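Enquirer: Need a 3D model of the sequence below.
(one chain, ligands or ions: 2)
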Amino acid sequence: MNYLDQPIVYLKGVGEKKSEVFNTELDIFTLNDLLNYYPYRYIDKSKFYCIGELHTHTNIYVQCKGKIISKQILGENRSKRLVCELADNTGTILLVWFNNIKYFQTMIETDKVYIVFGKPTLFNMQINMSHPEITLEEKSYTWNQIPFMPMYNSTDKCKKNGLDSRGIEKLCKTLIDNHINEVQETLPDYIREKLQLIDKQNAIKQIHFPHNAEDIKQATRRLKFEEIFFMQIFLLQIYNHNSKNKGYLISKVGTLFNTFYHQHLPFPLTNAQKRVIKEIRADFLTGKQMNRLLQGDVGSGKTITALLVMLLAIDNGFQCCLMAPTEILAQQHYNTIQKLLADMPIAVRLLTGSTKMAERKDLLPQTANGNIQILIGTHALCEDTVVFQKLGLAIIDEQHRFGVEQRAKLWKKSLIAPHVLVMTATPIPRTLAMTVYGDLDLSVIDELPVGRKPVKTIHFYKKDSAKINQFLRAEIDKGRQVFVVYPLIEESEKLTLSNLLDGYEEFKQTYPEPKYRVSYVHGKMSAEEKDVQMLKFKQGETHILLATTVIEVGIDVPNASVMVIVNAERFGLSQLHQLRGRVGRGSEQSYCVLITDYQLSNDARKRMEAMVNTNNGFEIADVDLKLRGPGDLSGTQQSGILHFKLLNLIEDERIISAARDIAKNILNDDPNLEKEKNQLLKLQIECLKSQRKNYYQIG
Ligand code: ADP
Ligand code: MG
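Expert: Ligands and ions are numbered 1, 2, ... in the order given. Got it, this is the predicted structure:
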């Protein structure tokens, strides 16, 4: 065991109480954990503030220099304090001591120049610093030895137990002064030399106690690299492992594909769709298993692309499955594909949780004997009773709703693992894709079908209901239909429902029958009831359809050209973008109407602005990432691989690319990390594997 794996209680200055607070508040259990608890920023002690420019609202520690112009003891008993006036030629502040009054009273001399360091606060309309650090200017040479003071996050409970930032700093200092030699290098020399990265011990020293800005830069660069590098090796190993998997050869472009392509395709494909089909076809020819992520914005036409690829597989004697995250979506895929294939001899069936026993009795054997060529469904497809004769291709739509395990389950349904195509509309910035889906190849549909008019987005406040209704009425009178979406209120299903029902009553009054028809769907309705309402809307019998987020992904109603989002501030940016993607599919100008309260948080306002300003999913994703941070981006949470201490997925693109490149080179040269020079790496990767067992199992 490494010395640093010892419990934190063994550190000088940490007793039972502090140890417990470290454990419960900061997740720090071992000495190593403390070493890896990096400052979140530094205070530049080489910078002096003018007293006149001090603010109390920034809540930061500052350093200033001035002359003590007065000194007196005020108050009695508990309010007894030493108060000194410190002045420079821009202003005056009060320095206040409640403890050790005698000491400071003797130590501090009037008319001398001091350097003080502390946090300005406002008291009695005057700027105060209580218990600042104070040194005579002439003695301050020791002061600036470490001009950057580290600031550590801590909690109220920490602070009560002496573990405020300064307290943590002191312990880090003790730890580093005494035990830095126990820190082991994790990167082989040849990699460090190549990238000019400083060694681990210095990196740790410098991240806590930098002497200058360059120290911080070197240390963070080294530590960031490490954070992403091992993960890249790890993901590339999975990738390499998978790409060795034997895969079915799908070589023939057969009759079904050709017939459909030349006779039944309802529109010409976009160039992006064609390119993706080519990329997938190339995979089919390698004899290796395909693992590909297909990324395409909402409405970019992933479904037809998937269908064409399935036809390739079927022409070569394989079965395919298409798995969707919800029943409604599975049903919709089924309807769409059935319609597209109406005149073709292809057996398509649907299997979901609500598929009746009688239907299953027919469907399951037909799947097992290979009669069914395309099986569409929800995760019901993963059930053990579903057996294929020869599953060649598994397509997963909206993968962020699926765990990795489900992917693995599908694989097992075939002698040789089927080709896997994962489709997602979540526009993931490149850096993130490289990291989250480092084990998949990436195809992108980066082009919308021609003739799509970009959806216009308008932001209204609730109080403007007259304007909103004027707008909606005009659209409906032109023959358009309107979606109205209410947010799911997580804490309270009841509240969600009552918001929706209240909304329904209001809409019914504003849009009276028989001229207008309003209806609604929500999660508590039975599947049949929902389907009836959806169908009525689809057929144009209702004008306004109110819904909770059930229509979030995938529902296709070309004549619905207005998407109203109530309490839009309650939705995340990517969700808003998805919802907006539900309109703009027909030939009419479409609109997305965001309705919010008048009072908005900063973040919410930025989300609304982003929606109004751009239709580009990648820009939206970027703003989203900036506002929320990657940990929050849908789909990345459950992968659990995005907890970086220092690395910033937006800003550190270069480090990430470098890490990926070098990881690739190393694995080309030494796929199993067997060479002597890579033993250190191997150790790190094994560590990572044991922490991420589930993730690795897909490989
Ligand atoms: P998504 O990528 O969001 O799943 P869909 O596959 O549902 O998008 O396609 C959205 C709509 O665009 C559908 O109505 C589909 O028929 C239509 N579509 C797809 N590709 C094209 C194309 N090349 N030209 C015109 N319309 C297309
Ligand atoms: Mg889709």
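Enquirer: in the lengthiest helix in the chain, what's buried?
Expert: Ranked by residue count under DSSP state H, the longest helix found in the chain is helix 213-244. Neighbour counts using 16 or more other Cβ atoms under 10 Å place 215-216, 218-240, 242-243 of helix 213-244 among the buried residues. Bear in mind the C-beta positions are built from the backbone N, C-alpha and C, glycine included.
Enquirer: For ligand 1, give me its nearest residue in this structure.
Expert: Of all residues in the chain, residue 301 sits closest to ligand 1, with a separation of 2.7 Å (Cβ to the nearest ligand atom).
Enquirer: My guess is that residue contacts residue 271. True?
Expert: No - using Cβ atoms under 8 Å as the test, residue 301 is too far from residue 271 to be in contact (11.6 Å).
Enquirer: Can you mark which positions in stretch 82-101 are buried?
Expert: Using 16+ other Cβ under 10 Å as the test for burial, stretch 82-101 gives 82-86, 88, 92-97.
Enquirer: Take the residues you listed and keep only those in strands.
Expert: Among the buried residues of stretch 82-101, the residues falling in strands (DSSP state E) are 82-86, 88, 92-97.
Enquirer: Around ligand 1, which positions in the stretch 501-650 of the chain sit nearby?
Expert: Proximity of the stretch 501-650 of the chain to ligand 1 is confined to 556, 585 under the rule Cβ under 6 Å from any ligand atom.
Enquirer: So for stretch 510-521, first residue to last residue, what's the gap.
Expert: 19 Å (Cα to Cα, to the nearest Å).
Enquirer: quick one: contacts of it?
Expert: 469, 473, 476, 500-501, 504, 507-508, 529-530, 533-534, 536-537, 541-548, 550-551 (Cβ atoms under 8 Å, 6 or more residues apart in numbering).
Enquirer: again, only this time at 10 Å
Expert: 328, 465, 468-469, 472-473, 476-477, 482, 484, 486, 497, 500-501, 503-509, 529-534, 536-537, 540-548, 550-551 (Cβ atoms under 10 Å, 6 or more residues apart in numbering).
Enquirer: Now restrict those to buried residues only.
Expert: Once neighbours are counted (16+ other Cβ under 10 Å), the buried part of the contacts of stretch 510-521 comes down to 328, 468, 472, 476, 482, 484, 486, 497, 500, 503-504, 507, 530-531, 533-534, 537, 542-548, 550-551.
Enquirer: Which strand runs longest in this protein?
Expert: Ranking each strand of the chain by length (DSSP E) puts strand 62-74 first.
Enquirer: follow-up on the earlier one: overlap of the contact sets of residue 301 and residue 271?
Expert: Counting by Cβ under 10 Å, 6+ apart, the residues touching both residue 301 and residue 271 are 445, 447.
Enquirer: quick one: residue 224 from residue 200, how far?
Expert: The gap separating residue 224 from residue 200 is 13 Å, by Cβ to Cβ, to the nearest Å.
Enquirer: Ok, residue 137 next?
Expert: With Cβ to Cβ as the criterion, residue 137 and residue 200 are 38 Å apart.
Enquirer: just residue 170 next, same as before
Expert: Distance from residue 170 to residue 200, counting by Cβ to Cβ: 23 Å.
Enquirer: okay, these two: which has more neighbours?
Expert: residue 200 (19 against 13; other Cβ atoms under 10 Å).
Enquirer: secondary structure element for the residue lying closest to the more buried one once chain neighbours are set aside?
Expert: Residue nearest to residue 200 in three dimensions, not counting chain neighbours: residue 185, with 4.9 Å by Cβ to Cβ, 6 or more residues apart in numbering. Using DSSP states H and E, residue 185 sits in no helix or strand.
Enquirer: Tell me the pLDDT of residue 185.
Expert: With respect to pLDDT, residue 185 has a value of 94.
Enquirer: For residue 196, which phi and psi angles does the backbone take?
Expert: With angles defined as degrees, to the nearest 10, residue 196 sits at phi 50, psi 60.
Enquirer: what's around it, how many residues?
Expert: As a measure of burial, residue 196 has 9 neighbours, counting by other Cβ under 10 Å.
Enquirer: got it, and the one 10 residues further on?
Expert: By other Cβ under 10 Å, 22 other residues sit near residue 206.
Enquirer: check which helix or strand covers it.
Expert: Per DSSP H and E: helix 200-208 holds residue 206.
Enquirer: which strands and helices sit next to that helix?
Expert: helix 31-35, strand 148-151, helix 165-179, helix 213-244 (3 or more Cβ pairs under 10 Å, 6 or more residues apart in numbering; DSSP states H and E).
Enquirer: For the longest one, what is the distance to the chain centroid?
Expert: On the basis of Cα atoms, centre = their mean, to the nearest Å, helix 213-244 is displaced by 19 Å from the centre of the chain it belongs to.
Enquirer: Beyond it, next helix or strand please.
Expert: Downstream of helix 213-244, the next assigned helix or strand under DSSP H and E is helix 255-259.
Enquirer: which residues make contact with that next one from outside it?
Expert: Residues contacting helix 255-259 (Cβ under 10 Å, 6+ apart): 277, 281, 308-316, 341, 343-346, 373.
Enquirer: how about a cut-off of 7 Å?
Expert: 308, 311-312, 314-315, 344, 346 (Cβ atoms under 7 Å, 6 or more residues apart in numbering).
Enquirer: Among those residues, name the ones in helices.
Expert: Filtering the contacts of helix 255-259 for helices - DSSP H - leaves 308, 311-312, 314-315.
Enquirer: wait, doesn't the residue nearest to residue 200 sit right on residue 197?
Expert: No - taking contacts as Cβ atoms under 7 Å, residue 185 lies outside contact range of residue 197: 10.6 Å.
Enquirer: Can you pick out the residue with more neighbours from the two?
Expert: Higher neighbour count among residue 185 and residue 197: residue 197, with 20 against 12, using other Cβ under 10 Å.
Enquirer: list the contacts for the nearest residue to the more buried one once chain neighbours are set aside?
Expert: In space, and not counting its chain neighbours, residue 197 is closest to residue 222: 4.4 Å by Cβ to Cβ, 6+ apart. Residue 222 makes contact with 197-198, 203 under the criterion Cβ under 7 Å, 6+ apart.
Enquirer: Where does pLDDT dip in the stretch 501-650 of the chain?
Expert: Of all residues in the stretch 501-650 of the chain, those with pLDDT under 70 make up the ranges 550-555, 629-643.
Enquirer: re earlier: from the contacts of residue 222, which single one is nearest residue 22?
Expert: Lowest distance from residue 22 to these (Cβ to Cβ) belongs to residue 203, with 22.4 Å.
Enquirer: rewinding a little: can you tell me which of the buried residues of stretch 82-101 are up against ligand 1?
Expert: Answer for the buried residues of stretch 82-101 near ligand 1: none qualify (Cβ under 6 Å from any ligand atom).
Enquirer: a markdown table for these, including pLDDT?
Expert: Putting the buried residues of stretch 82-101 into a markdown table (pLDDT from 0 to 100) gives the following:
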| residue | pLDDT |
| --- | --- |
| 82 | 94 |
| 83 | 95 |
| 84 | 96 |
| 85 | 96 |
| 86 | 96 |
| 88 | 94 |
| 92 | 93 |
| 93 | 94 |
| 94 | 94 |
| 95 | 95 |
| 96 | 94 |
| 97 | 93 |
